[in-house]
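# Build me a structure from this.
(one chain, ligands or ions: 1)
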Amino acid sequence: MAIFERINVNGIEKALFVGFGSGEEIAQLSSKLGRGALIYGIEINAMLVEASQNRLKEIPQKLVLQSARAESLPFESTSMDFVFCRIVLSEIPDWKRAVAEMVRVIRPHGRVVIVDFVSYNPDWLAVSGDAHPGLDPEMVAGVLQAHGMRILQLDNAAGKGTIGSLHGERLWVETFFLEAIKEAEETLNP
Ligand SMILES: C[S@@+](CC[C@H](N)C(=O)[O-])C[C@H]1O[C@@H](n2cnc3c(N)ncnc32)[C@H](O)[C@@H]1O
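Numbers count the residues shown, from 1 in each chain. Coordinates of the predicted model:
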């Protein structure tokens with residue numbers, strides 16, 4: 001199933017996209033969100049912020065894009081209903097801190113969706129080595145759980161993503177899809 005078809009947009013009034021790149025993911029989800037939703041995005045590359053701002057100027061929702069790092073999100077705690085992060089964590093050495101930040105900004109009952117490359121694919125490792133090892137989905141899920149999130153979906157074969165070429169052949173690797181919900185405080189501290 002396509003990534004955006006898996007996402008239940010009910011109750012999403014404030015959505016945050018972490019490392020949105022070209023903004024394609026924002027365009028996709030915006031078509032499912034209500035017109036009154038607020039869409040935020042952060043991206044480390046300021047040139048992509050400007051390009052995406054132009055690309056997305058027709059979307060009906062209010063859009064606030066800025067340059068920032070996933071490891072230090074410029075948002076208040078418990079301020080977002082939904083956080084989306086696709087193929088970004090595997091580029092961040094301290095990805096666990098970025099996960100902690102995403103959990104921090106999610107409100108109780110809010111959800112986070114993480115999509116990234118699965119680490120154990122041998123083709124991927126042959127080409128990328130230590131620079132881009134991908135991530136172990138179970139480890140990412142474990143970090144979310146350690147921060148009080150409950151796993152709703154974990155699919156270790158959510159579709160292929162391309163990472164370049166090997167011996168002239170285009171190289172595709174598996175991605176995982178992980179969705180988690182923040183437990184309400186009374187569940188965390190009974
Ligand atoms: C492979 S691209 C994915 C872009 C987009 N999420 C998508 O799926 O099309 C990774 C993106 O993460 C951004 N990025 C890398 N490290 C980051 C960090 N520490 N904080 C925020 N963005 C980061 C890069 O600039 C790049 O745009």
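# ok, the residue of the chain found nearest the ligand - contacts?
Proximity of the chain to the ligand (C-beta to the nearest ligand atom) peaks at Gly21, 2.6 Å away. The way it works is simple: take the backbone N, C-alpha and C, and place the C-beta from them, glycine included. Shown in contact with Gly21 (C-beta atoms under 8 Å, 6 or more residues apart in numbering): Glu43, Asn45, Leu48, Ser52.
# rerun at 10 Å
Applying C-beta atoms under 10 Å, 6 or more residues apart in numbering to Gly21 gives the contacts Gly41, Glu43, Asn45, Leu48, Ala51, Ser52, Arg86, Ile87, Val88.
# State the pLDDT value of it.
The model reports Gly21 with a pLDDT of 97.
# host element of the one residue sitting closest to the centre of the chain?
Residue closest to the mean C-alpha point of the chain, counted by C-alpha atoms, centre = their mean, is Cys85 at 1.0 Å. For Cys85, the host element (DSSP states H and E) is strand 80-86.
# How about Glu25?
Assigned by DSSP H and E, Glu25 belongs to helix 24-30.
# Now do the buried residues in that helix.
Residues of helix 24-30 classed as buried: Glu25, Ile26, Leu29, Ser30 (neighbour count, 16 or more other C-beta atoms under 10 Å).
# which of those residues are close to the ligand?
Counting by C-beta under 6 Å from any ligand atom, Glu25 from the buried residues of helix 24-30 sit close to the ligand.
# Need the max-distance pair from the buried residues of helix 24-30.
Glu25 and Ser30 (9.4 Å; C-beta to C-beta).
# intersection of neighbour lists for these two?
Phe17.
# residue contacts, Met139?
Taking C-beta under 10 Å, 6+ apart, we find Met139 in contact with Trp95, Lys96, Ser119.
# actually Arg97, not the one I wrote
Residues in contact with Arg97, defined by C-beta under 10 Å, 6+ apart, are Arg69, Ala70, Glu71, Ser72, Val143.
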